[in-house]
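> Let me see the structure of the following:
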Amino acid sequence: MKLVVRVKLLPTPVQALALEATLHVCNEAATWLSTQAFERRVFSRAGLQAMAYCEVRARGLSAQPALHVLRKVADAYSTLTANLMAGNLGKPGSQRHARATGKPVVFREVAAQPFDDRCLSWQMGERTVSIWTVTGRMKHIAFTGSPEQLAVLEAYRKGESDLLYRDGQWYLIATCEVAEAELDAHPASFVGVDLGIVNIATTSTGTRHSGRRLNRRREADRTLRAKLQTKGTKSAKRRAKKHAGKEARRARDINHKISKRIVAEAQRTGRGIALEDLGGIRERARLRKPQRVTLHSWSFHQLGAFIAYKAKRAGVPLVHVDPAYTSQECSQCHHTDRRNRPSQARFACQVCGFVEHADLNSSHNIAARGWWTWVRGAESQAPALTLIA
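Predicted structure coming up:
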């Protein structure tokens with residue numbers, strides 16, 4: 001199983017200047033090559049290498065960085081083609097589709113740049129890296145990370161690492177090949193997980209991860225963001241960008257904590273995990289505008305992905321189930337009726353009289369559907385690549 005670990009670099013001012021110059025040169029070469037590829041309609045790696053390898057080398061790059069630039073451009077056009085085929089950039093003939101296909105891909109000056117083991121070496125004992133730059137080999141660049149990150153990096157790092165500059169900080173994102181635990185093929189039952197806004201996650205074992213305090217914080221964030229956008233000055237835009245990064249880090253941290261607890265509980269009790277298949281939830285949801293803002297601003301997909309890769313790493317079975325009517329179905333007699341949900345928090349069956357917290361009732365239905373999905377053999381697969389940050 002592939003994981004990616006992000007560690008923070010601590011370069012000196014001189015080292016930082018060399019890293020910045022390296023990103024600028026690599027991305028200038030990538031943008032130039034992208035323009036040539038767009039004009040000549042050559043997008044494959046082999047075609048780009050035959051067409052412009054020497055010209056890319058002449059722009060200040062040694063052999064391996066030049067090859068990485070060629071691959072980065074080819075991968076960018078492959079991604080663009082995939083998005084066009086999937087309809088993610090509008091239908092053919094639409095303005096969005098025309099904008100995406102009418103000009104070459106442009107790379108930002110500080111866009112991430114991949115390095116392999118010929119250009120980048122890790123000294124784990126010293127917590128330093130040695131990396132190729134346009135000013136020569138730069139050695140003894142310190143890095144740091146959490147103990148868990150560093151342990152995974154030291155034991156499982158394999159393949160390329162990306163140099164990334166974001167919000168004034170330098171990072172290396174390393175790919176790791178982590179061994180998977182043996183899958184528990186005979187779970188005792190399944191833990192159903194109901195995802196929501198008031199309660200971010202509710203499990204069928206009775207655990208509720210409340211979102212009330214978080215929602216108040218997010219409302220304050222939205223108010224501040226709207227105020228800064230209205231002001232529109234350079235300092236306001238700079239502050240808004242910094243604050244957006246803080247919001248994303250907070251959400252990622254909360255999702256990591258919730259997913260860790262859910263997987264640990266399932267592993268401890270010998271159960272699997274059943275999640276709602278929330279694909280297309282943003283398009284299906286029919287909510288008022290304030291509710292739509294709250295729904296769209298929380299990263300449910302990220303939480304699901306974190307649960308999936310942690311479950312796979314722990315050997316815990318995972319299935320995704322159809323969430324339709326789980327909030328209206330009675331978990332005892334299975335009668336389904338809109339009137340069973342008289343309020344957001346309360347469930348009261350109109351037939352058998354069963355009363356329970358609405359999210360807990362939904363999680364029981366998800367657990368039951370998860371069991372039947374597992375029995376039918378529809379095992380879900382975890383994502384291939386996930387970020388530990």
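> Show me where the stretch 151-300 of the chain has its helices.
212-231, 234-269, 281-284, 289-297, 300-314 (DSSP state H, counting those that start in this stretch).
> what packs against the last one?
Meaning helix 300-314. In terms of contacts (3 or more Cβ pairs under 8 Å, 6 or more residues apart in numbering; DSSP states H and E), helix 300-314 is packed against strand 190-195, helix 234-269, strand 272-276, strand 318-321, strand 385-388. For glycine as for every other residue, the C-beta is placed from the backbone atoms N, C-alpha and C.
> With Asp253 as the reference, measure out to the most centrally placed residue in the chain.
Nearest to the centroid of the C-alpha atoms of the chain, with distances taken as Cα atoms, centre = their mean, sits Gln302, at 5.5 Å. Gln302 sits 11 Å away from Asp253, going by Cβ to Cβ, to the nearest Å.
> quick revisit: looking at the helices of the stretch 151-300 of the chain, which is buried most?
Highest mean neighbour count among the helices of the stretch 151-300 of the chain (mean count of other Cβ atoms under 10 Å): helix 300-314, with a mean of 21.
> coming back round to it: tell me who's in contact with the residue nearest to the centre of the chain.
Contact analysis of Gln302 by Cβ atoms under 8 Å, 6 or more residues apart in numbering lists 251-252, 255.
> residues making contact with stretch 261-272?
184, 187-191, 193, 201, 203, 205, 207, 209, 273, 307, 310-311, 314-319, 370, 374.
> which of those residues count as buried?
For the contacts of stretch 261-272, a burial check counting by 16 or more other Cβ atoms under 10 Å picks out 184, 187, 189-191, 193, 201, 203, 205, 207, 209, 273, 307, 310-311, 314, 316-319, 370, 374.
> Could you tell me the per-residue confidence at the closest residue to Leu278 other than its chain neighbours?
Nearest-residue entry for Leu278: Phe300, 5.6 Å, with adjacent residues in sequence omitted and distances by Cβ to Cβ, 6 or more residues apart in numbering. Note for Phe300: predicted pLDDT of 79.
> Okay, Phe300 and Val193: tell me how far apart.
The spacing between Phe300 and Val193, counted by Cβ to Cβ, is 11 Å.
> which other residues reach stretch 320-337?
With contacts defined as Cβ under 8 Å, 6+ apart, stretch 320-337 is touched by 194, 274-278, 338, 340-341, 347, 349-352, 354, 356, 358, 361-362, 364-366, 368-370, 373, 380.
> lowest-pLDDT helix or strand in this structure?
Sorting the helices and strands of the chain by mean pLDDT, DSSP states H and E puts helix 281-284 at the bottom, at a mean of 48.
> related to what we said a few turns ago, for Gly136, find the nearest of the helices of the stretch 151-300 of the chain.
helix 234-269 (32.1 Å; Cβ to Cβ).
> Do me a favour and average the pLDDT over that closest one.
Computed over helix 234-269, the average pLDDT equals 84.
> so it versus helix 212-231, what angle?
160 degrees (axes from the mean of the first three to the mean of the last three Cα atoms, to 10 degrees).
> For helix 234-269, what is the distance to the chain centroid?
11 Å (Cα atoms, centre = their mean, to the nearest Å).
> just stretch 30-41 next, same as before
From the chain centre to the centre of stretch 30-41 is a distance of 29 Å (Cα atoms, centre = their mean).
> how about it: buried residues?
Neighbour-count burial for stretch 30-41 flags 30-34, 36-38 (criterion: 16+ other Cβ under 10 Å).
> next one: stretch 70-80
70, 72-74, 76-77, 80.
> Name the residues that touch that stretch?
Stretch 70-80 has contacts (Cβ under 8 Å, 6+ apart) with 30, 33-34, 37, 43-45, 48-49, 52-53, 56, 89, 100, 105, 107, 113-114.
> mind redoing it with 6 Å?
Contacts with stretch 70-80, where a contact means Cβ atoms under 6 Å, 6 or more residues apart in numbering, come from 30, 33-34, 43, 45, 48-49, 105.
> For the strand or helix carrying Leu33, enumerate the helices and strands it packs against.
Using DSSP states H and E, Leu33 falls within helix 13-40. Secondary-structure packing of helix 13-40 (3 or more Cβ pairs under 6 Å, 6 or more residues apart in numbering; DSSP states H and E): helix 45-57, helix 63-86, strand 136-144.
> Adding distance to Glu219 and mean pLDDT, write these out as CSV.
Putting the helices and strands packed on helix 13-40 into CSV (distance: least, Cβ to Cβ, whole Å; pLDDT from 0 to 100) gives the following:
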stretch, distance to Glu219, mean pLDDT
helix 45-57, 47, 94
helix 63-86, 33, 94
strand 136-144, 34, 95
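> Can you say which of those is nearest to Leu164?
The closest of those to Leu164 is strand 136-144. By Cβ to Cβ, the value is 12.3 Å.
> Give me the distance between the closest residue to Gly315 other than its chain neighbours and Ile258.
Spatial nearest neighbour of Gly315, chain neighbours left out: Ala181 (3.3 Å); criterion: Cβ to Cβ, 6+ apart. Distance, Ala181 to Ile258, using Cβ to Cβ: 21 Å.
> Also Thr202?
Per Cβ to Cβ, Thr202 is found 11 Å from Ile258.
> Could you do Gly90 as well?
From Gly90 to Ile258 the distance is 35 Å (Cβ to Cβ).
> again with Cys352
Cys352 is 32 Å from Ile258, by Cβ to Cβ.
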